[in-house]
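Asker: Sharing a model prediction with you, sequence too.
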Amino acid sequence: QVQLVESGGGLVQAGGSLRLSCAASGRTFSNYFMGWFRQAPGKEREFVAAINWSTGTPYYADSVKGRFTISRDNAKNTMYLQMNSLKPEDTAVYYCGAKVVAGIPRDDRAYNYWGQGTQVTVSS
């Protein structure tokens, strides 16, 4: 059974940093995209970043490009999201997901597996 478990969320002041982790288990993800999405209160879930697990190729939303960095550790089967220069508008529940490498990684409807989410709150 596939499990994705996020951790690392918390409360931080604007301009601060956090690193989220997504520990994956239950299968190999060599032919998968792993992605980060977020959902703020009253808003739809939106794409943040994704990575091709095999090649390491990253993809970013324009809103986080230059501030966030996605990476993965194959040996630990864990994906990370380093978030720097955080802004109040980054406040949301952050989810990690996984989908087979096909199409674009920005569409959350194609993701097969999801974690439970971790809250990130950025105070001004």
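Answerer: Everything's here; your move.
Asker: hey, let's count contacts and neighbours off CA atoms from now on
Answerer: OK.
Asker: What separation do you get for residue 20 and residue 80?
Answerer: 5 Å (Cα to Cα, to the nearest Å).
Asker: Contact partners for the spatially most central residue of the chain?
Answerer: The residue lying closest to the centre of the chain (Cα atoms, centre = their mean) is residue 36, at 2.1 Å. Residues counted as contacts of residue 36 (Cα atoms under 8 Å, 6 or more residues apart in numbering) are 47, 48, 49, 50, 81, 94, 95, 96, 97.
Asker: ok, and the most crowded of those?
Answerer: Ranked by neighbour count (other Cα atoms under 10 Å), these have residue 96 at the top, with 30 neighbours.
Asker: nearest residue to it other than its sequence neighbours?
Answerer: residue 36 (4.6 Å; Cα to Cα, 6 or more residues apart in numbering).
Asker: what are the pairing partners of the one helix or strand that neighbour maps to, and which direction each?
Answerer: Assigning secondary structure by DSSP states H and E places residue 36 in strand 32-39. Neighbouring strands of strand 32-39 in its sheet, by DSSP bridges, are strand 46-52 (antiparallel), strand 92-100 (antiparallel).
Asker: Contacts for the first one, please.
Answerer: Contacts of strand 46-52 from elsewhere in the structure, counted by Cα under 8 Å, 6+ apart, are 31-39, 57-61, 63-64, 70-72, 101, 105-108.
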